[in-house]
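Visitor: Predicted model and sequence follow; I will ask about them next.
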Amino acid sequence: MLRAGIHPKIVADMLGHPASTITLDTHSHVWPDMQASTAAAMDTFLRRPGFQVAT
């Protein structure tokens, strides 16, 4: 479910975990291949026209 983009809190609720941290700690092995796509999305976001870092 995490790979499908379902929010960790929803996954935790469906699995009966009392906190999403348990879900993330237990199933963190699904995240390594998601880091590249997340980095690419962040890069696209930061490079959009008119974007400025607040100082």
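Guide: Happy to help now that I have it.

Visitor: Name the helix or strand of the protein that has the lowest mean pLDDT.
Guide: Using mean pLDDT, DSSP states H and E, the weakest-scoring helix or strand in the chain turns out to be helix 32-46, at a mean of 85.

Visitor: what packs against the strand or helix carrying T23?
Guide: Following DSSP states H and E, one finds T23 within helix 20-26. With contacts taken as 3 or more Cβ pairs under 8 Å, 6 or more residues apart in numbering; DSSP states H and E, helix 20-26 sits against helix 8-15. Every residue, glycine included, has its C-beta placed from N, CA and C.

Visitor: now the helix it packs on, how far from the centre of its chain.
Guide: 14 Å (Cα atoms, centre = their mean, to the nearest Å).

Visitor: heads up, I number from 50, so please use that
Guide: All right, first residue 50 from here; so that's helix 57-64.

Visitor: pLDDT averaged over it, what's the number?
Guide: Rounded to a whole number, the mean pLDDT of helix 57-64 is 94.

Visitor: Can you list the buried residues in it?
Guide: Going by neighbour count (16 or more other Cβ atoms under 10 Å), the buried part of helix 57-64 is 57, 60-61.

Visitor: do stretch 79-90 as well
Guide: Neighbour counts using 16+ other Cβ under 10 Å place no residue of stretch 79-90 among the buried ones.

Visitor: hang on, the earlier thing: now tell me what touches the helix holding T72 from outside.
Guide: 51, 57-58, 60-61, 64, 66 (Cβ atoms under 8 Å, 6 or more residues apart in numbering).

Visitor: Specify which member of these is nearest to F100.
Guide: Distance to F100 across these (Cβ to Cβ) is lowest for P57, with 27.0 Å.

Visitor: so what's the closest one up against?
Guide: P57 neighbours (Cβ under 8 Å, 6+ apart): 51, 69, 72-73.

Visitor: So which of those residues is surrounded by the most neighbours?
Guide: Per-residue neighbour counts (other Cβ atoms under 10 Å) across the contacts of P57 peak at T72, which has 22 neighbours.

Visitor: roughly how far apart are that residue and D82?
Guide: With the distance defined as Cβ to Cβ, to the nearest Å, T72 ends up 18 Å from D82.

Visitor: likewise T104?
Guide: 34 Å.
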